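Trainee: below are the sequence and a predicted model for it; my questions follow.
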Amino acid sequence: MGSPEQLASAAAARAAGSPALGPRWRRAAGLAGHASGLVLRMALTGILAATLGLMAWAVMPLAAGWHGRVVLSGSMQPAIDPGDVVLAVPTDPSALRPGQAVVFRDPARPGRVDVHRIVRRNSDGTFITRGDANAQADSTPVPAANIIGLPRLRVPWVGLPQYWRQQRNYVALGLTVFVLTCSLWAVVTRPPNWRGTPNRRRTARSGAPTARHSA
């Protein structure tokens, strides 16, 4: 006779190989695999839904005449992070006052749009601006014609792909594309009919008698 541990191991091995418990174990493993796949599918669907929702928030106000810009620097942190989309409503530059944040075309860097706060207004109608995270004010005054509007809505994360592309962070950009592609696949594909498989097996085992060929 062996030790109690050896006897217990032998009993477990016989139970695993018994015809009564084997199918139950396989079914339990199949259910566990299906549950994990369902959780993953739900998570990917949630990611896609959240992404589409944020994109809708970033796009819909444009129909009302607002202007949307992706923030590509951290000069306004912690209020605004790189990759956020800032939606601005047009405003009259003559009504602007120090302390207000404005969206403007940067006169020092043509083609770039910034979001900074007004420090003061000069006698010639130009504005001195500064980012909240910057120690010094911007060196180039902003003409009134460069003012786009007042920021009214911040949509986080939507512009991160553009920010990563600018920073040449292709790893983060590639992972984002991969996750969104998997999320889209999880939505458009049909999950397998896992409930039908055990039923078909039982039907095959207990169904109508099979025909026999006679000589």
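Mentor: Looks like it came in fine.

Trainee: assign a three-state SS to residue 138, would you?
Mentor: coil (DSSP: H, G, I helix; E, B strand; the rest coil).

Trainee: number of nearby residues for it?
Mentor: Residue 138 has 20 neighbouring residues, counting by other C-beta atoms under 10 Å. Any C-beta I mention is one placed from the backbone N, CA and C, and that applies to glycine too.

Trainee: now it: closest residue in space, sequence neighbours ignored.
Mentor: residue 129 (4.9 Å; C-beta to C-beta, 6 or more residues apart in numbering).

Trainee: quick check: pLDDT value at that neighbour.
Mentor: As predicted, residue 129 sits at a pLDDT of 98.

Trainee: which parts of the chain are helices?
Mentor: 4-17, 22-59, 160-167, 170-188, 196-206 (DSSP state H).

Trainee: hmm, back to that, list the contacts of the residue nearest to residue 138.
Mentor: 102, 104, 114, 116, 117, 118, 119, 137, 138, 142 (C-beta atoms under 8 Å, 6 or more residues apart in numbering).

Trainee: let me know the pLDDT of the first one.
Mentor: In this model, residue 102 is scored at 97, pLDDT.

Trainee: again with the fifth one
Mentor: If you check residue 117, the pLDDT there is 97.

Trainee: and the gap between the residue nearest to residue 138 and residue 144?
Mentor: Noted for residue 129: a distance of 12 Å to residue 144, by C-beta to C-beta, to the nearest Å.

Trainee: for residue 70, see how far away the closest residue to residue 176 other than its chain neighbours is.
Mentor: Leaving aside its sequence neighbours, residue 176 sits nearest to residue 161 (C-beta to C-beta, 6+ apart; 6.0 Å). Residue 161 sits 9 Å away from residue 70, going by C-beta to C-beta.

Trainee: equivalent analysis for residue 150, please.
Mentor: Distance of residue 150 to residue 70, computed by C-beta to C-beta: 17 Å.
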